[in-house]
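S.K.: I need the structure of the sequence given here:
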Amino acid sequence: PTPPAVVVLTGSGNERVAVEAMKAGAQDYLVKESFSPERLRRSLLAAVETVRMTRELEARRLRAERAEAAARDALAVRDELFALATHDLKGPLQIMTLNAQVLRRQIPASAMTPALETRLGHLVRAAHRMGELIDHFLEVTRGQERPLQRAPLDLLALVRAKVREQETHAARHPFVLEAPEGRDFTGDWDAGALERVLENLMGNAVKYSADGTTVTVRLSLEEGDSRQDVRLDVVDQGIGIPAADLPFVFERFHRGRNVAQDVSGSGVGLASARRLVELHGGLLSVESEEGRGSTFTVRLPRKVHASGPAARGASRSERADSEHPEQ
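M.R.: Numbers count the residues shown, from 1 in each chain. This next block holds a predicted model:
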């Protein structure tokens, strides 16, 4: 318990006596020689106010400790629920994968058409991909960030594969892939991370565009003062983003005010995509006009130049080269 307000009245003006009184818990002291009712009143008011503030600070500290303990308990429960949920979600995915693989083996070669083979392959890859996304979701909710697994990656080949996949799933939207002939779009990147970025940007282009509108995916090279970037543009003819929402489009849980209520989404996809691009040392930006469509632009450096988070995901070969430079 907080002690009461104490004012010491002493007949000595010795400073040591005053210090000892304050150490013992007094808020103030008065010397008889200079005593007056007015000074006593001020001293008592100050002592009471000091005690009141001390009690308030103690109450705040206790409330903060209780809130912190409750938050820790809530996070522990959340993590346990997420772990159980992700485990339960991956069970059906494994069943889907196994059954698709069994079908591919059991269907006679005479009955296995190229279209059926393609669709079964999409089913298997989608199930595997969903399992990876569930694992990624669990890592993020636990505050864990998987380092980038960098390796040489042909971004044009990856984009082609994702465009073909989108054409299968979103048949009502024609896709156009534009890339200059004979140019190299290989860089030292994490294939899984960039696949998530592409899925998000292309998926949004389809989600927020009317049937029949074209989605254009464009690759190009940009030369800078000290590096070469690969530029990827995803252009849609959709609802666009209101000007008031543009500054917040990459913030978690933010959705445009012109998005219909029946359009699903959590508002975390673009925030995650931006983070993955930034880990590569790149930049994700957007230009948009409401009612006219949006252009999302990814700029990726071919090599790692930073010493921050982007560089920490560098490949082993690159780190080895830096430790043993050519003579």
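S.K.: which residues sit against stretch 90-105?
M.R.: M112, E117, L120, G121, L123, V124, A127, H128, M130, G131, I134 (C-beta atoms under 8 Å, 6 or more residues apart in numbering). C-beta: built from backbone N, CA, C; applies to glycine.
S.K.: quick one, what contacts the fifth one?
M.R.: Under the criterion of C-beta under 8 Å, 6+ apart, the contact list for L123 reads M96, T97, A100.
S.K.: would the last one count as being in a strand?
M.R.: No: A100: not assigned to a strand; according to DSSP: H, G, I helix; E, B strand; the rest coil it is helix.
S.K.: The residue positioned nearest the centre of the chain and E80, how far apart?
M.R.: Residue closest to the mean C-alpha point of the chain, counted by C-alpha atoms, centre = their mean, is S272 at 4.3 Å. According to C-beta to C-beta, to the nearest Å, S272 stands 23 Å off from E80.
S.K.: Which pLDDT value belongs to the residue nearest to the centre of the chain?
M.R.: S272 is assigned 85 on the pLDDT scale.
S.K.: what do you get for H128?
M.R.: For H128, pLDDT reads 72.
S.K.: And for the one 3 residues further on?
M.R.: In the prediction, the pLDDT value recorded for G131 is 74.
S.K.: Check M96 too.
M.R.: Predicted confidence (pLDDT) for M96: 80.
S.K.: Around it, count how many other residues there are.
M.R.: Neighbour count of M96, defined by other C-beta atoms under 10 Å: 16.
S.K.: Could you do V235 as well?
M.R.: 19.
S.K.: Now do the same contact list for I107.
M.R.: Contacts for I107 were tallied using C-beta under 8 Å, 6+ apart; they are L116.
S.K.: Kindly provide the distance from it to A210.
M.R.: Distance of I107 to A210, given as C-beta to C-beta: 37 Å.
S.K.: about what we covered before: redo the contacts of L123 as a markdown table? Include distance to A74.
M.R.: Supplementary listing: these in a markdown table, determined by distance: C-beta to C-beta, whole Å:
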| residue | distance to A74 |
| --- | --- |
| M96 | 33 |
| T97 | 34 |
| A100 | 39 |
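S.K.: Do a quick rundown of the strands in the stretch 151-300 of the chain.
M.R.: Remark: strands assigned in the stretch 151-300 of the chain by DSSP state E, counting those that start in this stretch are 151-154, 175-178, 186-189, 215-223, 228-235, 283-289, 293-301.
S.K.: right, I mislabeled it, should have said the stretch 1-150 of the chain
M.R.: Under the criterion DSSP E, counting those that start in this stretch, the stretch 1-150 of the chain contains strands at 7-10, 28-31.
S.K.: any low-confidence regions in this protein?
M.R.: By pLDDT under 70, the weakly predicted segments of the chain are 1-3, 9-15, 18-19, 29-35, 78-79, 82-87, 136-145, 260-267, 304-327.
S.K.: isn't the residue nearest to the centre of the chain right up against R196?
M.R.: Yes: in terms of C-beta atoms under 8 Å, S272 counts as a neighbour of R196; the distance is 7.1 Å.
S.K.: I figured A21 hits V8, correct?
M.R.: Yes: with contacts counted by C-beta under 8 Å, A21 reaches V8, the gap being 4.3 Å.
S.K.: if I pick G256, what's in contact with it?
M.R.: With contact taken as C-beta under 8 Å, 6+ apart, G256 is in contact with I239, I241, P242, D245, V249.
S.K.: make that K162, sorry
M.R.: K162 makes contact with E195, L198, E199, M202 under the criterion C-beta under 8 Å, 6+ apart.
S.K.: What about L44, how many residues nearby?
M.R.: With other C-beta under 10 Å as criterion, L44 counts 15.
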